[in-house]
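Asks: need a 3D model of the following:
(chains A, B, C and D)
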4 protein chains.
Amino acid sequence: MQPYQTLREEAYAANMQLPALGLVIFTFGNVSAADRSKGIFAIKPSGVPYEELSPEKMVIVDFDGKTVDGQLRPSSDTLTHAVLYKHWEGISGIVHTHSTFATAWAQSQRDIPLYGTTHADHNTVDIPCAAPMSDEMIAGDYEYQTGFQIMDALTQRGLTYHDIEMILVGNHAPFTWGKTAAKAVYNSAVLESIAQMAQLTESINHNAPRLKDALIRKHFERKHGPNSYYGQ
Amino acid sequence: MQPYQTLREEAYAANMQLPALGLVIFTFGNVSAADRSKGIFAIKPSGVPYEELSPEKMVIVDFDGKTVDGQLRPSSDTLTHAVLYKHWEGISGIVHTHSTFATAWAQSQRDIPLYGTTHADHNTVDIPCAAPMSDEMIAGDYEYQTGFQIMDALTQRGLTYHDIEMILVGNHAPFTWGKTAAKAVYNSAVLESIAQMAQLTESINHNAPRLKDALIRKHFERKHGPNSYYGQ
Amino acid sequence: MQPYQTLREEAYAANMQLPALGLVIFTFGNVSAADRSKGIFAIKPSGVPYEELSPEKMVIVDFDGKTVDGQLRPSSDTLTHAVLYKHWEGISGIVHTHSTFATAWAQSQRDIPLYGTTHADHNTVDIPCAAPMSDEMIAGDYEYQTGFQIMDALTQRGLTYHDIEMILVGNHAPFTWGKTAAKAVYNSAVLESIAQMAQLTESINHNAPRLKDALIRKHFERKHGPNSYYGQ
Amino acid sequence: MQPYQTLREEAYAANMQLPALGLVIFTFGNVSAADRSKGIFAIKPSGVPYEELSPEKMVIVDFDGKTVDGQLRPSSDTLTHAVLYKHWEGISGIVHTHSTFATAWAQSQRDIPLYGTTHADHNTVDIPCAAPMSDEMIAGDYEYQTGFQIMDALTQRGLTYHDIEMILVGNHAPFTWGKTAAKAVYNSAVLESIAQMAQLTESINHNAPRLKDALIRKHFERKHGPNSYYGQ
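Replies: The predicted model follows:
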């Protein structure tokens, strides 16, 4: 039995959900799962198709992005994951995909407006679209800087990673996170669904109104916080 | 054998149709099936994924929303179902989903215009979109009020639940109903299809004309009423 | 062995292709297969879901729409099929669906412009959209008149059923035909694909040009006529 | 064992990927695989549905388009493949499809703008749309001229087949190529994804900005060239 077997299996299972949920083709995405007690995470190896993945192929990396265990090169997005794990102590899962509708919004460089309760069940604010990186940051350590690009976009909007678990990186694609890798994958599918509904909503009504505040609060509080009454 | 086994199995089978028909992901929907002679209905438990459902997990609730049998908490939308069963004596099935195209129309806060015979085969009127609830109603018993929001929207248009078996709740998502849970599920899939066709119709022709009255009557009467000649 | 067993099996197999190709849900379509030597055709029974179909349930009808053999009521669109078989001696298969994109064009009451070679491989002209029927015709024998509505639309455009094997009925949905039921089903899937591409083409370029005449002729003649060189 | 068995199997496997990836229906596409040492390629036979294909049915053709081995007629697009193999010494795979979104862009006669990193991961330039052929070229050897139409479009933009491995033929549909048939198929699926995202991006934001140069270079160089660090 390999070291970190449980974490590898968690990351493997979460990665395999991406094609199953229609969120990726080929190698267009990656999931990591962290073990915060050890300060490490398991992540998809770079450029390996999902049908060739196995728990053994997951790469174990620390929060500085250094490979700790594994024979393959980790995802090229590894440093972005590492930066977020290092700064956000409450998360243990991160997902990056190029899912169709969320990526189209990212390319459009627009926040996704909060148009309905599907969105409000998960977030009380528009989904932020981080502004494209400056040329200096791109020329530096690109994937490392992507982590700061994401954190800056939240800060600029007065949000923390607790307030929202999904973001669009302008001209690029979405990242999502959560307490577990499975929750981060769930958030990726929710984001894709919200993104598609918002595109259609504007197609049907160019002046579609945002959801009113009372409904935003109500739907979010049904599922989250001390008075939630959704789930078991 | 559990009490209410037949009703539980009916509700279970109808719930499982939602992911099979592509109308829900994760836990984004619920179906109930009523036994009017006993004044109860079986409904999906809250927040349980479809792949983990079983007939035994269905919750039995009365028409005031009180749990009669079952170990899990019922759907958070249970009171909406209860209100509709209590007031509409002719229905024994209700479905709520966040299906993509119907939800986009709900978010657009527009009724779906009657553009063609696919729509007219099932309804002689536009699909109503209920206006968003007042802040007072939201602050009260939200799911209970959603039932009245639905009934009010029909009343305002001079319609009864016999005239139409589907509605959009503004900024939220669709509800459908029928004489059985299976019929309500059928109506959900029909609504999603109508919603997609209407969005495309307007994309192709901004001035697309509504269906003329003679055709509305003809298509509806083919399938419904004393002179219907569709089906066996 | 039932009478007309071969014809029943042909009609059954062709009907089952409709859900397999994603062209129908529930009972939203029907295929017939004709035996011209006997002056009859086999057609789907009315309102029976595809998963419950069998060759034995197909209904045998003559070209006046009279049931010759079979225990179920034939499709409510049977008279439309009968009229077309009676007037168009070269066809032995007809399909009616409410496939999403073709139906959206029908609801838009626009002919589908010939934008590219996918279209030109199959037709040298725009796909006609027949004008909605007059109230007098609707009040008469509706399905019978639909056959004439289709034939009139071709005549008005100077076309015969040899020139094109697909049409949109305004506000309603598509009909296709061919030398066999299988060819008519093929045409239904081709029409749906052309309809989707044309909707997207206009979305991408409002002033998209129609295909030039030289390319229309070239692509059609590759597949059809004395100098064709496509296929085996 | 047939001659050219390995090449036949490579071409067969690549052709079968087209329906698996949702890029074709019926016979709307073809893949060829070349053995440059022998100056030949294996290509799909014309008009044969994918479910009836086998390695044995692949046709062996030389770079002048002459059949070298095989009992069936090769794809009607064979001469286009032959011309490209003859002029582009670095490729051993070509794909032609009528995939929905890429074909819609071709029909729109627009290059696909480089809107995001999904595009930049594979190409540093807009996807060219070759201008429709002159009537003289169409009247000549059409498929042969299509090869030159493709090469001319690259030349006019100052590009070589190394710079980009995909193109739209105006009013027609996409062609892609690569070092292997499998890579060319991969490129076809990538193009379809890019085409869909670009259509949606413009729908969401009519003034969506193109990706900035620094990001174009960064993303392409992650995957390509001497400093690439993507994959194993």
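Asks: can you give me the helices in chain A?
Replies: With DSSP state H, the ranges of helices along chain A come out as A:5-20, A:78-87, A:100-108, A:117-120, A:135-139, A:142-156, A:181-204, A:213-223.
Asks: of those helices, which is nearest B:N227?
Replies: Comparison of those against B:N227 by Cβ to Cβ identifies helix A:181-204 as nearest, at 35.3 Å. C-beta here means a position set from N, CA and C on the backbone, and glycine is covered the same way.
Asks: what number of residues lie near A:D141?
Replies: Residues near A:D141, counting by other Cβ atoms under 10 Å in any protein chain shown, number 14.
Asks: ok, it touching A:T78?
Replies: No: applying Cβ atoms under 8 Å, one finds A:D141 not in contact with A:T78, separated by 11.6 Å.
Asks: who does the residue nearest the centre of chain A form a beta bridge with?
Replies: With distances taken as Cα atoms, centre = their mean, A:T176 lies nearest the centre of chain A, 1.3 Å away. For A:T176, the beta-bridge partners are A:V95, A:M166 (DSSP bridges).
Asks: surely it and A:V169 touch.
Replies: No: assessed by Cβ under 8 Å, A:T176 is found out of contact with A:V169, at 11.4 Å.
Asks: low-confidence ranges, chain A, go.
Replies: Within chain A, the stretches with pLDDT under 70 are A:1.
Asks: in it, what residue lies closest to chain B?
Replies: Proximity to chain B, evaluated over chain A using Cβ to the nearest Cβ, is greatest for A:G231 at 3.1 Å.
Asks: count of neighbours near that residue?
Replies: Count around A:G231 with other Cβ under 10 Å applied: 14.
Asks: gap between it and chain D?
Replies: Between A:G231 and chain D the distance is 33 Å, computed by Cβ to the nearest Cβ, to the nearest Å.
Asks: go on, A:I167?
Replies: 15 Å.
Asks: likewise for A:A33?
Replies: 21 Å.
Asks: surely that residue touches A:T6?
Replies: No: between A:A33 and A:T6 there is no contact under Cβ under 8 Å: 9.4 Å.
Asks: for those two, indicate the residue with more neighbours.
Replies: Neighbours per residue (other Cβ under 10 Å) separate A:A33 from A:T6, with A:A33 holding more: 26 against 12.
Asks: okay, and the beta partners of the more buried one?
Replies: Applying DSSP bridges, one finds that A:A33 bridges with A:A42, A:G93.
Asks: kindly report the same for A:I112.
Replies: Here A:I112, judged by DSSP bridges, has bridge partners A:I127.
Asks: picking that back up, give me whichever of the helices of chain A is most buried.
Replies: helix A:100-108 (a mean of 28; mean count of other Cβ atoms under 10 Å in any protein chain shown).
Asks: need the contact partners of that one.
Replies: A:97, A:112, A:127, A:129, A:168-174, A:188, A:191-192, A:195-196, A:198-199, D:115-116, D:118, D:193, D:196-198, D:200-201, D:203-205, D:208 (Cβ atoms under 8 Å, 6 or more residues apart in numbering or on different chains).
Asks: residue numbers of chain A in contact with chain B?
Replies: A:21, A:115-118, A:186, A:189-190, A:193, A:196-198, A:200-201, A:203-205, A:208-209, A:211-212, A:214-215, A:218, A:222, A:229-232 (Cβ under 8 Å from any Cβ of the partner chain).
Asks: rerun at 7 Å
Replies: A:115-118, A:186, A:189, A:193, A:196-197, A:200-201, A:203-205, A:208-209, A:211-212, A:214-215, A:218, A:222, A:229-232 (Cβ under 7 Å from any Cβ of the partner chain).
Asks: and the residue of chain A nearest chain C?
Replies: A:S203 (9.4 Å).
Asks: quick one: that residue and B:L200 touch, right?
Replies: No: using Cβ atoms under 7 Å as the test, A:S203 is too far from B:L200 to be in contact (9.5 Å).
Asks: how near is A:L191 to B:Y50?
Replies: The gap separating A:L191 from B:Y50 is 20 Å, by Cβ to Cβ, to the nearest Å.
Asks: show me how far stretch A:56-75 is from its chain's centre.
Replies: 19 Å (Cα atoms, centre = their mean, to the nearest Å).
Asks: quick check on A:P49: phi, psi?
Replies: A:P49 has phi and psi values of phi -60, psi 150 when expressed as degrees, to the nearest 10.
Asks: number of nearby residues for the residue nearest to it when sequence neighbours are not counted?
Replies: Using Cβ to Cβ, 6 or more residues apart in numbering or on different chains and skipping residues adjacent in sequence, the residue nearest A:P49 is A:T27, 5.8 Å away. Close neighbours of A:T27, defined as other Cβ under 10 Å, add up to 19.
Asks: I figured A:T27 hits A:G47, correct?
Replies: Yes: the criterion here is Cβ under 7 Å, and A:T27 meets it with A:G47 at 5.3 Å.
Asks: what touches both of these two?
Replies: Shared contacts of A:T27 and A:G47, defined by Cβ atoms under 7 Å, 6 or more residues apart in numbering or on different chains, are absent.
Asks: which residues touch A:I25?
Replies: With Cβ under 7 Å, 6+ apart, A:I25 has these contacts: D:A189, D:S193.
Asks: please report phi then psi for it.
Replies: Per degrees, to the nearest 10, the backbone of A:I25 is at phi -120, psi 160.
Asks: repeat that for A:N227.
Replies: Dihedral angles (degrees, to the nearest 10) for A:N227: phi -100, psi 20.
Asks: wait, isn't it in contact with A:E221?
Replies: Yes: in this structure, A:N227 is within contact of A:E221 by Cβ under 7 Å, at 5.8 Å.
Asks: quick revisit: do I have it right that the residue nearest to the centre of chain A meets A:T97?
Replies: No: the pair A:T176 / A:T97 is not scored as a contact, 8.2 Å apart, by Cβ under 7 Å.
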